[in-house]
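S.K.: Model the structure of this input:
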Amino acid sequence: MSVPDPSQSEMQNPSSRNNGFNLRSLFQNRIFARVLGGLLGICLILYALGWYWSREPNPFDVVEEAAEAANVENPKELPLGYTYTTTLIEIANTLLHKPGGFLMNDVFPPSVMLDNIPNWELGALIALRDATTALRNNIARSQTQSQEDPDLSKGEPFLYFDYRSWQLPSSESEYEKGVESLEAYRERLRKRDANFYARADNLRQYLEVLEKRLGDYSNRLSASTADRLPEGSEERHTELGRTPWLKLDDRFFEARGYAWAAMLVLKAIEFDFRDILGNKTALVSLQQIVRELENSQESHLSPVILNGSGFGLFANYSLTLANYIARANAATIDLRSLLQQG
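M.R.: Prediction:
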């Protein structure tokens with residue numbers, strides 16, 4: 001009895017060989033399709049998270065937040081400085097607990113691929129530091145030789161911790177310690193066991209820092225169209241050189257973040273310094289600064305930051321924001337001048 005040769009049987013029945021090849025190919029194609037589908041799904045999830053985390057936080061009502069924190073119905077019952085301190089706490093909590101949390105120090109996707117909202121966080125963090133330093137060095141002290149508040153002296157350095165540190169210790173953990181110290185100071189204000197001096201000279205110290213910040217941001221935003229500069233020194237040319245294309249959105253969102261936080265601080269100042277502002281007839285100037293900073297927070301229609309030239313087809317977002325900030329800066333100079341008058 002002869003044994004059939006497999007090669008001869010495959011030659012006689014080629015469909016069996018083709019069926020085996022087709023099954024293997026179909027199986028491999030299904031695996032490839034599933035892997036590809038899984039990768040696309042992950043990319044869509046990361047994109048959705050990135051879009052959600054990139055939304056700028058909305059401003060909050062500083063007086064309402066302070067009244068809620070103090071559990072009072074009439075804001076006039078709030079201790080002096082309670083609104084200002086609550087505003088600092090809420091700005092810090094917004095940075096730490098908004099969707100996605102604090103993103104500047106993240107090293108994993110999708111946040112590591114984002115740059116708009118991290119730069120916004122940097123601007124808001126700088127404004128928070130400026131206002132907290134003013135509280136520690138000036139507003140909470142009766143004079144230059146008086147003792148500084150223990151909670152503020154302990155908590156303020158935590159807010160200056162490196163914003164790029166993601167572990168051991170992380171930026172978030174250090175900023176939380178700063179918030180805890182501000183909360184301790186606020187609680188002592190409620191018990192009338194802490195000082196808050198709403199004086200013109202103290203306010204001028206903060207406005208001087210604010211004036212320089214706004215001037216710097218306005219200058220850097222205006223550099224988005226610095227193609228040709230007036231004849232002058234080389235130093236001026238270097239200082240006002242055109243902003244690199246890849247840095248346009250970074251500077252735009254950093255300035256937006258600073259304007260957002262500074263606007264809230266000024267609203268708290270309007271409430272806590274209302275007596276001195278009224279006596280100096282300076283309330284209108286402060287409200288002008290707040291109004292310009294509010295205008296700087298208008299939403300932009302384009303998904304990317306446009307920086308057209310002159311009267312061209314496309315808008316220039318950086319110049320528009322620079323205009324609002326420059327006008328706020330001018331109003332800040334006027335306000336500081338009013339406060340200097342006897």
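S.K.: Now do the SS call for residue 261.
M.R.: Using DSSP: H, G, I helix; E, B strand; the rest coil, the secondary structure recorded for residue 261 is helix.
S.K.: On the pLDDT front, check the closest residue to residue 328 other than its chain neighbours for me.
M.R.: Closest residue in space to residue 328, ignoring its immediate chain neighbours: residue 292 at 3.9 Å, by Cβ to Cβ, 6 or more residues apart in numbering. Placement of C-beta: from N, CA and C, glycine included. On the pLDDT scale, residue 292 is placed at 97.
S.K.: and residue 292, what element?
M.R.: Residue 292 is part of helix 283-295, with elements assigned from DSSP states H and E.
S.K.: Quick check: buried residues in that helix?
M.R.: For helix 283-295, burial by neighbour count (16 or more other Cβ atoms under 10 Å) applies to 283, 285-290, 292-295.
S.K.: May I see those residues organised as a markdown table, with distance to residue 161 added?
M.R.: Conversion of the buried residues of helix 283-295 to a markdown table gives the following (distance: Cβ to Cβ, whole Å):
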| residue | distance to residue 161 |
| --- | --- |
| 283 | 36 |
| 285 | 35 |
| 286 | 31 |
| 287 | 34 |
| 288 | 35 |
| 289 | 29 |
| 290 | 29 |
| 292 | 31 |
| 293 | 27 |
| 294 | 30 |
| 295 | 33 |
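S.K.: tell me which of these is nearest to residue 172?
M.R.: The shortest approach to residue 172 among the buried residues of helix 283-295 belongs to residue 293, at 26.7 Å (Cβ to Cβ).
S.K.: which residues touch the closest one?
M.R.: Residues in contact with residue 293, defined by Cβ atoms under 8 Å, 6 or more residues apart in numbering, are 259-260, 262-263, 266, 324-325, 328.
S.K.: out of the residues you listed, who's nearest residue 186?
M.R.: residue 266 (18.9 Å).
S.K.: Make sure the closest one is actually in contact with residue 283.
M.R.: No. The pair residue 266 and residue 283 does not pass the contact test of Cβ atoms under 8 Å, sitting 11.5 Å apart.
S.K.: that older thread, ok, so of the contacts of residue 293, who is nearest residue 34?
M.R.: Residue 34 has its nearest neighbour among the contacts of residue 293 in residue 260, at 44.4 Å by Cβ to Cβ.
S.K.: Check the gap between the closest one and residue 107 for me.
M.R.: When distances are taken as Cβ to Cβ, to the nearest Å, residue 260 and residue 107 turn out to be 26 Å apart.
S.K.: if you count what's nearby, which of those two comes out ahead?
M.R.: Just comparing residue 260 and residue 107: by other Cβ atoms under 10 Å the higher neighbour count belongs to residue 260, 23 against 9.
S.K.: Assess the claim that that one and residue 60 are in contact.
M.R.: No. With contact defined as Cβ under 8 Å, residue 260 does not reach residue 60; the gap is 10.5 Å.
S.K.: Any regions of this structure where pLDDT drops low?
M.R.: Counting by pLDDT under 70, the low-confidence segments of the chain come to 1-24, 26-28, 46-47, 50, 225-241, 310-311, 342.
S.K.: Geometric centre of it: which residue is closest?
M.R.: Closest residue to the average C-alpha location of the chain: residue 121 at 2.6 Å, with Cα atoms, centre = their mean.
S.K.: Where does that residue fall, secondary structure wise?
M.R.: Secondary-structure element containing residue 121, defined by DSSP H and E: helix 116-134.
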